[in-house]
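>>> the sequence and its predicted three-dimensional model are supplied below.
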Amino acid sequence: MFGYYFDLALRSSDDVLAVEAYARMVWAISRYRGDVVDNWSVMEAIAARTGPPGRFGRVLLYNNKAIARNAANDRAGARAFLRKAQALLPAQLADDEFELIGVPHNLALWTDDPIERETLARRLVDQVVPVLGPNHAFLPGETVYFSCRLTGYQLAGAPDEQRSVQLSWKLQVTDPAGVLLVQETSGEIAEPVATQDKNWFPKFLQQFKIPPFAPGGAYHIKVTARDEVAKTELTSQLDFQVRGHSVEPSPTLTARNLRFVKDETDGPPLVPPVYHPGERLWARFDITGYKYGDMNHYSVEYGLAILRESGEQVFAQPAAAADAGEGFYPQRYVPGAVSLNLQPDVPEGSYTLVITMEDKAGGQMVEARAGFRIQK
């Protein structure tokens, strides 16, 4: 999809749109293949000549290139591109530029300096909190910055002595099914309080990342605070929305959302799914219903075959790809993709794509089928 808009913008001599489309294509492809989009030096030169109208695209270009370098395990290279993006940022982002908050956010995640990381994180909270309303929806892979102030506590110490607050807190984040998103965190606040601090309220900050494949829905932040002086405790909850990819759960191994697409950028499904000789067939799907081992370990493998309308097999690749991983939060689905170059002399007709899937951890095997046509 982004490749199409990139090509269209170049043909229309719209450099500003071309740079933004290219930047988004870099980001989309990096999710699956890392930093593989070519013509970088050409697009960087085009971006440089777009002037003030192209500032948004230039910043996005460097930010997304940084994401691609990080996907390629080049953290130092990613930081270098982020600093180029940061140098282009205005002091105050416009309402339609909020997406660029990702620049300092990514820099905070990938810097090796803990002091710089803390400074950037606090600056982000100050920028984000006034902007995000109660209906804001986060995306999988984004970082949530949480700020909490406490009041109604008792002070330790006599009125004529140095007084202080003695508070403790713990924080839990759960998904729509009640599963912990990240490990529970906790802390203490023990601070002296002077007479002139009557309008001061203890505060703590936390940040956590939404897993890349988290489902959509209402998530919950539960804070339990305890006043160690008064020996009282209270619990409060804040909900937030995540707009995630929809994959229907399954108790057994299966493929969801199997669709044919035009190219690797995963645009809208082809309806009807028709390809032409010499083109490249692309299909995407989501594998779910696999079993977990220790630490939510999963391991899946898939292959493909092509059948004629008669059922005759004309192509097979039994082990096209595999994916495995583990983590604190269970990955609910694995995105799959297959592609095949169609020869110029391939016969017209109806064909069937067969996806075979194996759950290595759970000992399950299953296949999914979808039909398509080839016509000249």
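Okay, I see it.
>>> in the stretch 51-200 of the chain, where is pLDDT below threshold?
95, 125-134, 198 (pLDDT under 70).
>>> in what helix or strand does residue 172 lie?
strand 163-174 (DSSP states H and E).
>>> ok so residue 70 is a strand residue?
No: membership of residue 70 in a strand is not supported by DSSP: H, G, I helix; E, B strand; the rest coil, which gives helix.
>>> that one contacts residue 80, doesn't it?
No: counting by CB atoms under 8 Å, residue 80 is not a contact partner of residue 70; they are 11.3 Å apart. Every C-beta, even on glycine, is put in place using the N, C-alpha and C of the backbone.
>>> these two - which one has more neighbours?
When residue 70 and residue 80 are compared for neighbours, residue 70 comes out ahead with 22 against 14, by other CB atoms under 10 Å.
>>> gap between that one and residue 265?
According to CB to CB, to the nearest Å, residue 70 stands 19 Å off from residue 265.
>>> what do you get for residue 41?
Residue 41 is 21 Å from residue 265, by CB to CB.
>>> do residue 204 as well
41 Å.
>>> ok, back up a step: who's more crowded, residue 41 and residue 265?
Using other CB under 10 Å as the criterion, residue 41 and residue 265 rank with residue 265 on top: 19 against 8.
>>> could you check the pLDDT of the more buried one?
Here, the pLDDT recorded for residue 265 equals 75.
>>> hmm, who's touching stretch 83-90?
55, 58-63, 66, 97, 100, 103-104, 107 (CB atoms under 8 Å, 6 or more residues apart in numbering).
>>> typo on my end, stretch 275-285
255-264, 266, 304, 335-346, 353, 355, 368, 370, 372-376.
>>> just the element for residue 362, please.
Using DSSP H and E, no helix or strand contains residue 362.
>>> quick one, what contacts it?
253, 290-291.
>>> quick check on the residues you listed: which are buried?
Buried members of those, scored by 16 or more other CB atoms under 10 Å, are 253, 290.
>>> just the contacts of residue 362 now: which is nearest residue 216?
residue 290 (20.3 Å; CB to CB).
>>> run through who's touching stretch 35-50.
Contacts of stretch 35-50 (CB under 8 Å, 6+ apart): 15-16, 18-19, 22, 25-26, 29-30, 54, 57-58, 61, 65, 68-69, 71-72, 74.
>>> for it, which positions count as buried?
So stretch 35-50, judged by 16+ other CB under 10 Å, has buried residues 35, 37, 43-44, 46-47, 50.
>>> what does stretch 135-155 give?
Quick answer for stretch 135-155 (16+ other CB under 10 Å): 138, 140, 142-146, 148, 150, 153, 155.
>>> turn these into CSV, including secondary structure and distance to residue 228.
Output for the buried residues of stretch 135-155, formatted as CSV (DSSP: H, G, I helix; E, B strand; the rest coil; distance: CB to CB, whole Å):
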residue, secondary structure, distance to residue 228
138, strand, 33
140, coil, 37
142, coil, 34
143, strand, 31
144, strand, 28
145, strand, 27
146, strand, 22
148, strand, 17
150, coil, 12
153, coil, 9
155, coil, 11
